[in-house]
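Participant: build me a structure from this.
(chains A and B)
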Amino acid sequence: AQSVTQLGSHVSVSEGALVLLRCNYSSSVPPYLFWYVQYPNQGLQLLLKYTSAATLVKGINGFEAEFKKSETSFHLTKPSAHMSDAAEYFCAVSDGDAGNNRKLIWGLGTSLAVNP
Amino acid sequence: ETGVTQSPTHLIKTRGQQVTLRCSSQSGHNTVSWYQQALGQGPQFIFQYYREEENGRGNFPPRFSGLQFPNYSSELNVNALELDDSALYLCASSPSGLDAEAFFGQGTRLTVV
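Facilitator: Numbers count the residues shown, from 1 in each chain, chains lettered A, B, ... in the order given. Got it, this is the predicted structure:
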């Protein structure tokens, strides 16, 4: 079964500093991996996804993530944090068969705080 | 904005009551998934509907049930509400495929008292 572990439930950075949010996955098959962001009292919005094409994936709002099979990791980074990046970030892996029976398996989330 | 709308946005119910939550999926999406997100937790998969049939279910009791309609909109029904059912309920619509992006609604905040 697939699973996702997000290391660090809370991360705090200064504005302009590097953002690094960690995600490790467990999968017996090549995974499809996703990062979503959730602002307070909102649904989730896709930041980026890995679907076995390029290992470095660029997403919205300046975020990117690198798929490392040897480390079973898919860490999310942004070179320079902005105040508007403060939110909850979730890593997820797609679980299911080749047909339409799929679900997303989620990590517990990392709350990102950006300090002025 | 994703084009996925959920109603109502907030709801307060009494323990033992029944509730119906609604989701209008994005145009062209034939798959709808429902998730429960407790405070401070990641979303937990409840079930998924594909072309009006349930085709996947998480670890939730039978009092959680659903429907998908011919226009691919969906309902989540919860019977015999318990205090622990208090959560944000998220609906996501997507096209077919493991790599397809799921588009989420803003959620329904259910409080059971």
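Participant: follow the chain on from the strand ranked longest in chain A and name the next helix or strand.
Facilitator: When chain A is parsed with DSSP state E, its longest strand is strand A:87-96. Using DSSP states H and E, the next helix or strand after strand A:87-96 towards the C-terminus is strand A:102-106.
Participant: mind listing the strands that next one pairs with, and their directions?
Facilitator: strand A:87-96 (antiparallel) (DSSP bridges).
Participant: before we move on, the earlier item: list the buried residues for the longest strand of chain A?
Facilitator: Buried residues in strand A:87-96, defined by neighbour count with 16 or more other C-beta atoms under 10 Å in any protein chain shown: A:A87, A:E88, A:Y89, A:F90, A:C91, A:A92, A:V93, A:S94, A:D95, A:G96. Just so you know, the C-beta spots here come from the backbone N, C-alpha and C atoms, and that holds for glycine as well.
Participant: ok now it, how far from the chain's centre?
Facilitator: From the chain centre to the centre of strand A:87-96 is a distance of 6 Å (C-alpha atoms, centre = their mean, to the nearest Å).
Participant: contacts for that strand?
Facilitator: A:1-4, A:6, A:21, A:23, A:25, A:27, A:31-40, A:44, A:47, A:74, A:76, A:102-107, A:109-112, B:42-43, B:56, B:98-99 (C-beta atoms under 8 Å, 6 or more residues apart in numbering or on different chains).
Participant: quick check on these: which are buried?
Facilitator: Here, 16+ other C-beta under 10 Å leaves A:2, A:4, A:6, A:21, A:23, A:25, A:27, A:31-38, A:44, A:47, A:74, A:76, A:102-107, A:109-112, B:42-43, B:56, B:98 buried among these.
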